[in-house]
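[1] Pasting the sequence and the predicted model now:
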2 protein chains.
Amino acid sequence: MVDVKRQPRSRPETLVRRREIIDAAVDIFGAKGYSGGTLQDIADQVGMTHAGILHHFGSKDALLMEVLEHRDHTDVADLEGQHIPGGIELFRHLVRTAFANARRAGIVQAFTVLSAESVTDGHPGHAYFQERYRNLRAEVTAAFEAVCIERGVTDRAVVADAAASILAVMDGLQVQWLLDPTAVDLGRASEFAIEAIVTAVVAPTAPAVAG
Amino acid sequence: MVDVKRQPRSRPETLVRRREIIDAAVDIFGAKGYSGGTLQDIADQVGMTHAGILHHFGSKDALLMEVLEHRDHTDVADLEGQHIPGGIELFRHLVRTAFANARRAGIVQAFTVLSAESVTDGHPGHAYFQERYRNLRAEVTAAFEAVCIERGVTDRAVVADAAASILAVMDGLQVQWLLDPTAVDLGRASEFAIEAIVTAVVAPTAPAVAG
């Protein structure tokens, strides 16, 4: 959901090795968090030395950034032309993403733990997640603006709150689903909530709670 | 939002000391996470020894449980009679809670980090958060059922997804707000999303996204 960066030019076997390390880091950070998971854990999983990991990535922080960018690649991998659609298609894409996430618990777990850890003091992922949410809110806001124009909705005061809320509900459902996979249907609940929030923007009604 | 447990009988000065340690633990776990924060960090903040903390709480895991229960006490502290209301009043209570949370970043940060950390392997908070979300979903589901009966809504298939979504959006907005407090209005966005989800249950309309 952010810019797809170019891979550095490397030999094919180096790229394969880097990908193995990133996959292992997704597993370890998902299982233990960033502060709990060590480079040695990752090295053990791929049968390398600690120094070997550092040779490929330089530092644990740098490896974390690669893991986060890998997640963004995964998000857009299914999209034709690898770009994020706009307007109502963006919301359909988010629903499809939620159903796809229900089939990849490892990376969802890593992302859930890392994003929450990133609010702690001095976490290396802080700036990444701050910018990621800013970019995502801007994309969702733009999609709302487009849908509002298309459907003649003039009251757009709630669009900023709606954009933050759509991303929030997807994230929050992931926590509950990871804790209790049989109690929460990640795809279906995300679809319900996205539909509810989009409807509140494009077809507002009298308040049910505040009323 | 869970049962309020009785405090153990202790001398007043012991209770004051325990409360100081819990407050420090909220700060430290919020700032560093549970795996990153140490008992020594907490001891330093209250001017005690590591052994002194263990004397009061027995273990780091036990202290974590006290911190989590303290948060639940804080949630109900403002309620008359310290019980959670039902029906539409529950949703109003959740909106008020979101506005109150915007004035207590420390405990929100601790809770955000601890709940996400709890999805990692073997985390001592796992069972607590699993049960907490089960209880909360049951309470919100019961409130939806009551509102549906009151308003003559017969299609209640979405109630389970709506209950999970309301809790999810409140949690997810906390992450974005902690990362970027000026970009996200925690109270207002939570109110918008709760209103949107309740409306989708009690006054369903034609789908805006799937349609």
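    That came through fine.
[2] Tell me the first helix or strand C-terminal of the lowest-mean-pLDDT helix or strand in chain A.
    One helix or strand of chain A scores below all others by mean pLDDT, DSSP states H and E: helix A:60-77, with a mean of 79. The C-terminal neighbour of helix A:60-77 among helices and strands, as given by DSSP states H and E, is helix A:88-101.
[3] Pull out the buried residues from that next one.
    Neighbour-count burial for helix A:88-101 flags A:88, A:90, A:91, A:93, A:94, A:95, A:97, A:98, A:100, A:101 (criterion: 16 or more other Cβ atoms under 10 Å in any protein chain shown). Every C-beta, even on glycine, is put in place using the N, C-alpha and C of the backbone.
[4] So the fourth one sits against residue A:87, correct?
    No - the criterion here is Cβ atoms under 8 Å, and residue A:93 misses it with residue A:87 at 10.5 Å.
[5] Quickly check the buried residues of helix A:88-101 for the two that are furthest apart.
    Comparing all pairs in the buried residues of helix A:88-101 by Cβ to Cβ, the longest separation belongs to A:88 and A:101, at 20.5 Å.
[6] elements contacting the least confident helix or strand of chain A?
    The contact analysis (3 or more Cβ pairs under 8 Å, 6 or more residues apart in numbering or on different chains; DSSP states H and E) places helix A:60-77 against helix A:12-36, helix A:39-46, helix A:50-57, helix A:105-117, helix A:126-151.
[7] Ok, which of these comes nearest residue B:138?
    Closest among the helices and strands packed on helix A:60-77, using Cβ to Cβ: helix A:105-117, at 22.7 Å.
[8] quick one: contacts of the closest one?
    Helix A:105-117 has contacts (Cβ atoms under 8 Å, 6 or more residues apart in numbering or on different chains) with A:26-27, A:29-31, A:33-35, A:64, A:67-68, A:71, A:74, A:101, A:123, A:125, A:129, A:171, A:174-175, A:177-178, A:181, B:33, B:112-113, B:115-117, B:119-120, B:175.
[9] In PyMOL, how would I select the buried members of the residues you listed?
    In PyMOL syntax, the buried subset of the contacts of helix A:105-117 is picked out as below (16+ other Cβ under 10 Å):
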select buried, (chain A and resi 26+27+29+30+31+33+34+35+64+67+68+71+74+101+123+125+129+171+174+175+177+178) or (chain B and resi 33+112+113+115+116+117+119+120+175)
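[10] For chain B, state which of the buried residues of helix A:88-101 is nearest.
    Chain B has its nearest neighbour among the buried residues of helix A:88-101 in residue A:91, at 4.6 Å by Cβ to the nearest Cβ.
[11] if I read this right, the closest one contacts residue B:209, doesn't it?
    Yes - Residue A:91 lies in contact with residue B:209 (Cβ under 8 Å); the separation is 4.6 Å.
[12] Check the contact lists of these two and give me the overlap.
    Contact criterion Cβ under 8 Å, 6+ apart; residues shared by residue A:91 and residue B:209: A:194, A:198.
[13] re earlier: okay if I get the buried residues of helix A:88-101 as CSV plus pLDDT and distance to chain B?
    Converted to CSV, those look like this (pLDDT from 0 to 100; distance: Cβ to the nearest Cβ, whole Å):
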residue, pLDDT, distance to chain B
A:88, 95, 6
A:90, 95, 10
A:91, 96, 5
A:93, 94, 10
A:94, 95, 9
A:95, 96, 7
A:97, 93, 13
A:98, 96, 11
A:100, 93, 16
A:101, 93, 13
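[14] Now render these as TSV, adding distance to residue A:154.
    Shown next, in TSV, are these (distance: Cβ to Cβ, whole Å):
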residue	distance to residue A:154
A:88	18
A:90	21
A:91	20
A:93	26
A:94	24
A:95	26
A:97	30
A:98	30
A:100	35
A:101	34
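[15] out of the helices and strands packed on helix A:60-77, which comes closest to residue B:141?
    Closest of those to residue B:141 is helix A:105-117, at 23.3 Å (criterion: Cβ to Cβ).
[16] relative to helix A:12-36, how tilted is the closest one?
    50 degrees (axes from the mean of the first three to the mean of the last three Cα atoms, to 10 degrees).
[17] any idea of the mean pLDDT for helix A:105-117?
    For helix A:105-117, mean pLDDT is 90.
[18] Kindly report the same for stretch A:165-174.
    On average, stretch A:165-174 scores 98.
[19] before we move on, what about stretch A:193-204?
    For stretch A:193-204, the mean confidence score works out to 95.
[20] Need the residues that contact it.
    A:88, A:91, A:94-95, A:98, A:144, A:147-148, A:151, A:153, A:155-156, A:158-159, A:162, A:165-166, A:169-170, A:173, B:161-162, B:165, B:168-169, B:192-193, B:195-197, B:199-200, B:205, B:207-210.
[21] just checking, residue A:137 touches residue B:183?
    Yes - contact status for residue A:137 versus residue B:183: in contact at 7.3 Å, counting by Cβ under 8 Å.
[22] Would you mind telling me which of those two has more residues around it?
    residue A:137 (21 against 14; other Cβ atoms under 10 Å in any protein chain shown).
[23] Cheers, nothing more for now.
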